[in-house]
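Colleague: Dropping a prediction and its sequence here:
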Amino acid sequence: MRRYLLLWLVLPAGAMFFFNTYVFPSFMQQIEAVAGQQYRLPDVHLMYSTGELRQLLQNLGSEGRSIYRQMILQADLLYPLCYSFFFYLLLQLLSPREKTKYRHWKFLPFAAAFFDYL
């Protein structure tokens, strides 16, 4: 059973690698090309104010906001599923076979994905 978990672990790990090395950087290149400068989008900030967000969206312009919207709808909705399954399978692989009081902790990545969507 554990061998199959290791094989299944490769799929979300590969998807996360693909998102982090190709999808998100390509969207950022498009946004920066349209806006004419580098930006740190709100997705990578721990906290930001409404004024900062309003200023960023105004600076992006309509075309930059359109690209950002595409990134949110196409990539950012799938990424939490990838990382939650990856960490769930990793915890499943590393957890002991016997039942312990910590056996429910392996579902914590799905809670993280839920809050990411929220």
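Modeller: Looks like it came in fine. Just so you know, these numbers come straight off a predicted model, no measurement behind them.
Colleague: Can you show me the helices along this structure?
Modeller: 2-18, 24-35, 50-71, 79-94, 108-117 (DSSP state H).
Colleague: most tightly surrounded among these?
Modeller: Compared across those, helix 79-94 shows the largest average neighbour count, a mean of 18 (mean count of other Cβ atoms under 10 Å). To be clear about C-beta, it is placed using only N, CA and C from the backbone, and glycine gets the same treatment.
Colleague: starting at the chain centroid, how far to that one?
Modeller: Here helix 79-94 is found 12 Å from its chain centre; the criterion is Cα atoms, centre = their mean, to the nearest Å.
Colleague: Could I get the average pLDDT for it?
Modeller: The average pLDDT within helix 79-94 is 90.
Colleague: Leaving out chain neighbours, which residue sits closest to the residue positioned nearest the centre of the chain?
Modeller: Nearest to the mean C-alpha position of the chain, by Cα atoms, centre = their mean, lies residue 79 at 3.9 Å. Distance criterion Cβ to Cβ, 6 or more residues apart in numbering; nearest residue to residue 79, sequence neighbours excluded, is residue 19 at 5.3 Å.
Colleague: which residues sit in contact with residue 58?
Modeller: For residue 58, no contacting residues are found, by Cβ atoms under 8 Å, 6 or more residues apart in numbering.
Colleague: cool, residue 42 as well?
Modeller: Neighbouring residues of residue 42 by Cβ under 8 Å, 6+ apart: 48, 52-53, 56.
Colleague: For these, could you give me a markdown table that also reports pLDDT and distance to residue 71?
Modeller: Output for the contacts of residue 42, formatted as a markdown table (pLDDT from 0 to 100; distance: Cβ to Cβ, whole Å):
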| residue | pLDDT | distance to residue 71 |
| --- | --- | --- |
| 48 | 85 | 17 |
| 52 | 87 | 18 |
| 53 | 87 | 15 |
| 56 | 85 | 14 |
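Colleague: Output the worst-scoring helix or strand of the chain on mean pLDDT as PDB - backbone C-alpha positions only.
Modeller: In the chain, no helix or strand scores lower on mean pLDDT, DSSP states H and E than helix 2-18, which sits at a mean of 84. Output of helix 2-18 as PDB, limited to C-alpha atoms (Å, rounded to 0.1, in the frame of the first residue of the first chain):
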ATOM      1  CA  ARG A   2       2.800   2.400   0.900                       C
ATOM      2  CA  ARG A   3       4.500   1.900  -2.500                       C
ATOM      3  CA  TYR A   4       1.300   3.100  -4.200                       C
ATOM      4  CA  LEU A   5       1.200   6.200  -2.000                       C
ATOM      5  CA  LEU A   6       4.700   7.100  -3.200                       C
ATOM      6  CA  LEU A   7       3.600   6.700  -6.800                       C
ATOM      7  CA  TRP A   8       0.500   8.900  -6.200                       C
ATOM      8  CA  LEU A   9       2.700  11.400  -4.400                       C
ATOM      9  CA  VAL A  10       4.500  12.100  -7.700                       C
ATOM     10  CA  LEU A  11       1.300  13.500  -9.400                       C
ATOM     11  CA  PRO A  12       0.500  16.400  -7.100                       C
ATOM     12  CA  ALA A  13       4.300  17.100  -6.600                       C
ATOM     13  CA  GLY A  14       4.700  17.400 -10.400                       C
ATOM     14  CA  ALA A  15       1.600  19.600 -10.600                       C
ATOM     15  CA  MET A  16       3.000  21.900  -7.900                       C
ATOM     16  CA  PHE A  17       6.400  22.000  -9.700                       C
ATOM     17  CA  PHE A  18       4.600  22.900 -13.000                       C
END
